[in-house]
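Trainee: I'd like to go over a predicted model; first the sequence, then the structure.
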Amino acid sequence: MSVLFAYLAANYNLGSKIENWVYHSENELLARVMKNKSDAAGFETLGEYLQSENDKMIEEAMQGIDGLVEEFEEIAKECGFDPEKDYDESEESLAEFFEVMEKAEKIVLERHKNDENSSEPTEK
């Protein structure tokens, strides 16, 4: 019985050593790749490189959002939205506003339903 326990303990120890080695090797390789990219891009520190990459991602996302906003505004105008009209003047005009916005939203969602990062809003 003690031999079996020693065998299990040795195999467990070996398995966890291998997992730790893989984990540390993977992290070290990732750090080297990031450092090489930072050096190639001309940054002095890894923090500057990561900040630059973050800024690029934010700018790309904002460009995508701006394009979607412009598209939504065009579709809303096609559906009957009048930017000059005061939709708060009566209940009927407010209901008209919501109706136009719902139509525009459905059209935009239909056009972008297969987009990679799109998600439909969930109703509560």
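Mentor: Cool, the structure landed. Numbers count the residues shown, from 1 in each chain.

Trainee: Work out the gap between the top helix by length along the chain and the centre of the chain.
Mentor: If you go by DSSP state H, the chain has its longest helix at helix 2-40. Taking C-alpha atoms, centre = their mean, to the nearest Å, one finds helix 2-40 lying 30 Å from the centre of the chain it belongs to.

Trainee: next one: stretch 79-94
Mentor: 34 Å.

Trainee: likewise stretch 95-102?
Mentor: 29 Å.

Trainee: Same question for stretch 99-110.
Mentor: Worked out by C-alpha atoms, centre = their mean, stretch 99-110 lies 23 Å from the chain centre.

Trainee: Just the buried residues of that stretch, please?
Mentor: Residues of stretch 99-110 classed as buried by neighbour count (16 or more other C-beta atoms under 10 Å): Val100, Lys103, Ala104, Glu105, Ile107, Val108. (C-beta placed from N, C-alpha, C; glycine too.)

Trainee: Least confident secondary structure element in the chain?
Mentor: Ranked by mean pLDDT, DSSP states H and E, the helix or strand of the chain with the weakest confidence is helix 2-40, at a mean of 80.

Trainee: C-terminal to it, what's the next element?
Mentor: Using DSSP states H and E, the helix or strand that follows helix 2-40 in sequence is helix 46-78.

Trainee: roughly how far out does that following helix sit from the chain middle?
Mentor: Distance, stretch centre to chain centre, for helix 46-78: 11 Å (C-alpha atoms, centre = their mean).

Trainee: helices or strands up against it?
Mentor: helix 2-40, helix 91-111 (3 or more C-beta pairs under 8 Å, 6 or more residues apart in numbering; DSSP states H and E).

Trainee: and the angle from the first one to helix 46-78?
Mentor: What that stands for is helix 2-40. 70 degrees (axes from the mean of the first three to the mean of the last three C-alpha atoms, to 10 degrees).
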